[in-house]
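got a sequence here, can you model it:
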Amino acid sequence: MPADLVLARGTVVQPDHAGPADLVIAGGKIVDIVDPGAGRGAEVIDADDRLVLPGGVDAHVHFLIGFMGQRSVYDFHSGTVAALRGGNTSVIDFALQRRGRSMMDGLKHRRVQADRHVACDYGLHLIATDVNPSTLAELPAAIAGGATSFKVYTVYEKEQLKVEDGPLHELMHAVGRAGGMMGLHAENASLIDHAIARHLAAGEVAPRFHALSRPALAETEAVSRGLILAEDARCPLHIFHLNSAPALALIEAAQARGLPASAETCTHYLALTAETYDRADGHLYVMSPPLRDAATRTAMWAGIARGSLAAVTSDDASYSAEAKALGAESFDRIANGVPGVEARLPLLYTLGVAQGRLTLSQFVEAWSTGPARLFGLAPQKGSIVRGADADLVAIDPNARRRMSVDSHYGAIGYNPFDGMELTGWPVLTLLRGEVAMRDGIFLGKPGQGRFLLRGRRGV
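Purely as a prediction, here's the structure:
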């Protein structure tokens, strides 16, 4: 097949090697990796002085979401454009099974919302809220439909998301038998609800009481309980947005015993600490689990370096500054979540590679290779190898920019990383061999992304 495009003379980061090479692309695939200057194609893009990485796989985003009475700024088009601007070529969002409805209804509805609008490739985790014989019978169809991972919340009963331990255990048995993966938002609801009530009764309503009401103990206990239930059910377990050092130790102990346990952390936990809650704009940083201390942040970086944390995600929830301010008078009314899909790459590269916390290979594992493998997208996604999709991002490892509210795509009105000076900015993003973003400008069209029929969990 004649080559459509050559990405020439960049420093190509492969799973076990980084060095100068030409990437030869045809039919949306990487068909060859040759010596720099040796590639021949209809078009040549010079990537000299650039690092060429596999396109990012952000396995935890929330586009077109309503929560705690607020709506996200990003819908499936604007959110995936922001993803491409940040070097991400695949994202995994969530389909919600509403109580009293079927899982397949939730999956079909979410695809209707997304398919005609997405600018990058996307998959869906399926959020289970109503476990009964009818919904359990749907698991094989959901998995065949590409939703091979399921999420359960152990909190948020007011929002009709919480699933109790008995139904959760039953669901784990069924997911394990069907060949899927169970994922948890792991926090102890009773501990948290009791603490919230105590703080409110005492008039303690500032943002820092959000963090104090959701201590590491609440997260650690729920992770422990989830691991025990999953082991009994023989079901793979993934912990979303981990931010507890004792909980990470539990994950690592399970992995050492050979259990199929995994976890991710998020860029905001790697960049920020709970001191942020004492700022005048502390309400903007409310998310769950909350920011914690510097020691916890250090522990999360160490988990990435050891490989026990399989991915770093953004958990993008783009509530505007105005929406966040609507609940600022009391921490329990602030919409939980922060934006971050566009900042994931420069944050990980600057704080990880440039500051010596991660090697280049560890960085790429957390950025793309690990989540692609874990969530059934490899070898199609996540690595620069022959036969893979030509999902690529070229970054400038030297240019430095200061983050500001204008660094975002879209009118979010604040930036949680405002003032940070970062490097490793993407200058070119290819989606299946087509230039989708150049120098921050989106060059594609709505609906060019594809729904990803994911395989089973990787190892």
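
bridged to the closest residue to residue 156 other than its chain neighbours, which residues?
Among residues not flanking residue 156 along the chain, residue 162 sits closest, at 5.5 Å (Cβ to Cβ, 6 or more residues apart in numbering). Just so you know, the C-beta spots here come from the backbone N, C-alpha and C atoms, and that holds for glycine as well. Applying DSSP bridges to residue 162 gives these bridge partners: residue 153.

next, count neighbours for residue 162.
For residue 162, the count of nearby residues is 16 (other Cβ atoms under 10 Å).

ok, now how distant is residue 153 from residue 420?
Distance of residue 153 to residue 420, given as Cβ to Cβ, to the nearest Å: 31 Å.

who's in contact with the strand or helix carrying residue 182?
Taking DSSP states H and E as the criterion, residue 182 maps to strand 181-185. Outside strand 181-185, the residues within contact range by Cβ atoms under 8 Å, 6 or more residues apart in numbering are 125, 148-156, 171-172, 175-176, 222-223, 226, 230, 235-241, 260, 288, 375, 456-457.

strand partners of the helix or strand of the chain with the lowest mean pLDDT, parallel vs antiparallel please.
Lowest by mean pLDDT, DSSP states H and E among the helices and strands of the chain is strand 66-67, with a mean of 91. Paired with strand 66-67 in the same sheet, following DSSP bridges, are strand 70-71 (antiparallel).

which residues touch the strand it pairs with?
For strand 70-71, contacts defined as Cβ under 8 Å, 6+ apart pick out 65, 319, 323-324, 326, 335.

ditto for stretch 412-421
Stretch 412-421 has contacts (Cβ under 8 Å, 6+ apart) with 73, 268, 271-272, 281, 284-285, 318, 320-322, 324, 338-340, 343, 347, 350, 400-405, 407-408.

show me the shaky parts of the stretch 201-350 of the chain.
Within the stretch 201-350 of the chain, no range satisfies pLDDT under 70.

now the helices for it?
Listed in chain order, the helices of the stretch 201-350 of the chain (DSSP state H, counting those that start in this stretch) span 208-213, 216-233, 245-256, 267-271, 294-306, 321-325, 344-348.

which strands or helices does the fourth one pack on?
Contacts defined by 3 or more Cβ pairs under 8 Å, 6 or more residues apart in numbering; DSSP states H and E place helix 267-271 against helix 294-306, strand 311-313, helix 344-348.

what's the angle from the longest one to helix 216-233?
Note on geometry: by axes from the mean of the first three to the mean of the last three Cα atoms, to 10 degrees, helix 294-306 and helix 216-233 are set 30 degrees apart in direction.

can you pull the contacts of the closest residue in space to residue 354 that isn't next to it in sequence?
What sits nearest to residue 354 in space, not counting adjacent residues and going by Cβ to Cβ, 6+ apart, is residue 423, at 5.9 Å. With contact set as Cβ under 8 Å, 6+ apart, residue 423 has these partners: 346, 349-350, 354, 396-401.

quick one, which of those residues are buried?
By neighbour count, with 16 or more other Cβ atoms under 10 Å, the contacts of residue 423 hold 346, 349-350, 354, 396-397 as buried.

distance to residue 255 for the contacts of residue 423 - can I get that in JSON lines?
Output for these, formatted as JSON lines (distance: Cβ to Cβ, whole Å):
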{"residue": "346", "distance to residue 255": "29"}
{"residue": "349", "distance to residue 255": "26"}
{"residue": "350", "distance to residue 255": "28"}
{"residue": "354", "distance to residue 255": "28"}
{"residue": "396", "distance to residue 255": "36"}
{"residue": "397", "distance to residue 255": "32"}
{"residue": "398", "distance to residue 255": "37"}
{"residue": "399", "distance to residue 255": "38"}
{"residue": "400", "distance to residue 255": "37"}
{"residue": "401", "distance to residue 255": "37"}
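
what's the spacing between the closest residue to residue 225 other than its chain neighbours and residue 176?
Nearest residue to residue 225 in three dimensions, chain neighbours excluded: residue 165, at 7.0 Å (Cβ to Cβ, 6+ apart). Noted for residue 165: a distance of 16 Å to residue 176, by Cβ to Cβ.

now residue 325. Nearest residue, chain neighbours left out?
The shortest distance from residue 325 to any non-neighbouring residue, by Cβ to Cβ, 6+ apart, is to residue 283 (6.6 Å).

list the contacts of that neighbour.
Counted by Cβ under 8 Å, 6+ apart, residue 283 has contacts 207, 324-325, 327-328, 331, 334.

farthest pair in the residues you listed?
With Cβ to Cβ as the measure, no two of the contacts of residue 283 lie farther apart than 325 and 331, at 12.8 Å.

between these two, which one's more packed in?
Using other Cβ under 10 Å, the more surrounded residue of residue 325 and residue 331 is residue 331, with 26 against 17.

contacting residues around the closest residue to that one other than its chain neighbours?
With sequence-adjacent residues excluded and distances taken as Cβ to Cβ, 6+ apart, residue 331 is closest to residue 210, at 4.0 Å. Going by Cβ under 8 Å, 6+ apart, residue 210 touches 277, 286, 290, 331-332, 334.

hmm, try it at 7 Å
277, 286, 290, 331 (Cβ atoms under 7 Å, 6 or more residues apart in numbering).

same deal with residue 15?
369, 383.

backbone torsions only: list them for it.
Per-residue torsions, residue 15: phi -50, psi -30 (degrees, to the nearest 10).

all the helices of the stretch 1-150 of the chain, in order from the start?
Assigned by DSSP H, counting those that start in this stretch, the stretch 1-150 of the chain shows helices spanning 76-85, 103-114, 133-136, 139-144.

would you tell me which one of those is buried the most?
Across the helices of the stretch 1-150 of the chain, averaging neighbours per residue (mean count of other Cβ atoms under 10 Å) puts helix 76-85 on top, at a mean of 27.

tell me what angle that helix forms with helix 103-114.
70 degrees.

from the rest of the structure, what touches helix 76-85?
If you take Cβ under 7 Å, 6+ apart as the criterion, helix 76-85 is touched by 58, 61, 63-64, 74, 91, 113-114, 117-120, 122, 316, 341-342, 409-410, 429, 431, 436-437, 440, 442, 446, 449.

list the contacts of the nearest residue to residue 62 once chain neighbours are set aside.
For residue 62, ignoring the flanking residues on the chain, the nearest one in space by Cβ to Cβ, 6+ apart is residue 317 at 4.7 Å. Residue 317 sits next to 62, 65, 72, 337-339 when contact means Cβ under 7 Å, 6+ apart.
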